[in-house]
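1. no sequence on hand, only this structure:
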C-alpha cells in the first residue's frame, strides 16, 4: 500500500479478524504475572508491591466506611515482611505475601492505624495551628 492510499474493505476486514478481542485478551494475559519476561516474583520493591494490588478507589475504609485512598498493611500479616532498603520509602515495611495482608483505609484512618500514639500530624495539632495564626498576624 502506498502512502495516502486507504485500505480496501477486504483488507480492513482481514485486519479486524486478525486483531479480534479474544486475541487481544490472550496477549494481555500473557504479559501479566509470570508470563511477563521481566517478572521477578516476590523480589519486588515497596512501590511495585502496592501497584500489584487492586485499584483502591473501588473499596471503602474498613474503619469508618468512607472511600478508601490507601492500602494499609495489617499488623497480623501472614506473608514475610520486608523493609525497603533505598529510596523514598526507605525503612517502610511491606509484605510480599498474599493480597489479604492489606486492607483498604482512608488517609486519616491509615495514619491513625500506623501511628496510634500520635494520630494527628504535627501541622494539624491545635497548638501548632494557634502558633501559625500568631505568626501570620505578626508577618502582616
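-> Yep, that arrived. Treat the numbers as computed from the prediction; the structure is a model and nothing was measured. Residues are numbered from 1 along each chain as shown.
2. run through the protein and note the low-pLDDT ranges.
-> Within the chain, the segments meeting pLDDT under 70 span 1-2, 32, 116-125, 128, 140.
3. domain ranges for it?
-> Annotated domains of the chain cover 1-39, 42-139 [automatic domain parsing].
4. starting at the chain centroid, how far to the shortest one?
-> Relative to the chain's own centre, domain 1-39 is displaced by 29 Å; criterion: CA atoms, centre = their mean, to the nearest Å.
5. what about the helices in this protein?
-> Secondary structure of the chain by DSSP state H: the helices cover 9-18, 21-30, 46-52, 107-114, 126-139.
6. mind checking which of those helices is nearest residue 96?
-> Closest to residue 96 of these, according to CB to CB: helix 46-52, at 6.4 Å. All C-beta spots, glycine's among them, are computed from the backbone N, C-alpha and C.
7. how about residues contacting that closest one?
-> For helix 46-52, the external contacting residues (CB atoms under 8 Å, 6 or more residues apart in numbering) are 44, 71, 84, 87, 89, 92, 94-96, 99.
8. which residue packs closest to residue 33, ignoring adjacent ones?
-> residue 39 (6.3 Å; CB to CB, 6 or more residues apart in numbering).
9. what about that neighbour, distance to residue 45?
-> 14 Å (CB to CB, to the nearest Å).
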